[in-house]
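[1] Sequence and predicted structure, then a few things I'm wondering about:
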Amino acid sequence: MSMKFMLGRKGRMTQIFTEEGECVPVTILEVGPCWVTGVRSAERDGYDAVQIGFDQVREKVLSKPELGHLKAKELPPLRVLKECRLDSPADLEVGAQLGVDVFQVGERVDVTGVSKGRGFAGAMKRYNFGGGPMTHGGMCRRFPGAIGQHTYPGRVFKGKRMPGHFGTDRIKVKNLEVMHIDTERNLLLVRGAVPGHRGALVEVSYAKCAKASQQA
């Protein structure tokens, strides 16, 4: 299969033991099943890509254009549609169902998700500032300190790291190792942490570093 891109939801974290007895922290991902809802070709659309759908829901949840797009291809109502660019034309057909078995144990994957929202946060929490001295009369403890200049330029530069909204950023964690696959329950266990809250939507794709090493 020329494409290894799937949608899923983040589960809880746990730990497993390898055959060598090493304790490994893993994140459980519920990946798939996904349906191929569209195929783009360079001849017709100007680029090669595959559109996949995930999370089957009731028809009343979707809008009429979304529902019509899926019904025209005799597909179930799907909440999430994502498109994945390909380097070569796809060997998939519309309506094909994809499972977690597109990946293999030992492979490296990239997982993309939205980080947890933390609301309005101070500079120390948001940017991990050290703060001022906590003893000997220190008056600047959990503050960012001076933010501007005197006569020149006499203003605060754009992009200054200050208190503000923290979280809900799109983050990609790269090069995570696939530790275990459960095809019956569509579970994928990857080594390490994944951004987002429990139940958040995640995108799992074949790691680019693995592609480069194979080509080399």
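    Done, it's in. Nothing here was measured: the structure is a model prediction, and the numbers come from that model.
[2] Helices of the protein, start to end?
    Secondary structure of the chain (DSSP state H): helices at 42-45, 64-71, 123-127, 208-215.
[3] Mind listing what's buried along stretch 75-93?
    Buried residues in stretch 75-93, counting neighbours by 16 or more other CB atoms under 10 Å, are found at Leu75, Pro77, Leu78, Leu81, Lys82, Cys84, Leu86, Ala90, Leu92. No exception for glycine: its C-beta is placed from N, CA and C like everyone else's.
[4] Adding distance to Leu98, mean pLDDT and mean neighbour count, write the helices of the chain out as a markdown table.
    Formatted as a markdown table, the helices of the chain follow (distance: least, CB to CB, whole Å; pLDDT from 0 to 100; neighbours: other CB atoms under 10 Å):
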| stretch | distance to Leu98 | mean pLDDT | mean neighbour count |
| --- | --- | --- | --- |
| helix 42-45 | 21 | 89 | 10 |
| helix 64-71 | 16 | 93 | 13 |
| helix 123-127 | 38 | 94 | 16 |
| helix 208-215 | 19 | 56 | 11 |
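[5] ok, now which ones touch the residue lying closest to Glu93 once chain neighbours are set aside?
    Among residues not flanking Glu93 along the chain, Val36 sits closest, at 6.7 Å (CB to CB, 6 or more residues apart in numbering). Listed by CB atoms under 8 Å, 6 or more residues apart in numbering, the contact set of Val36 reads Val50, Gln51, Ile52, Leu92, Glu93, Val94, Gly95, Ala96, Gln97, Leu98.
[6] Give me the neighbour count for the third one.
    This points to Ile52. By the criterion of other CB atoms under 10 Å, Ile52 has 25 neighbours.
[7] Is it in contact with Lys82, as I believe?
    Yes - using CB atoms under 8 Å, Ile52 makes contact with Lys82 at a distance of 6.1 Å.
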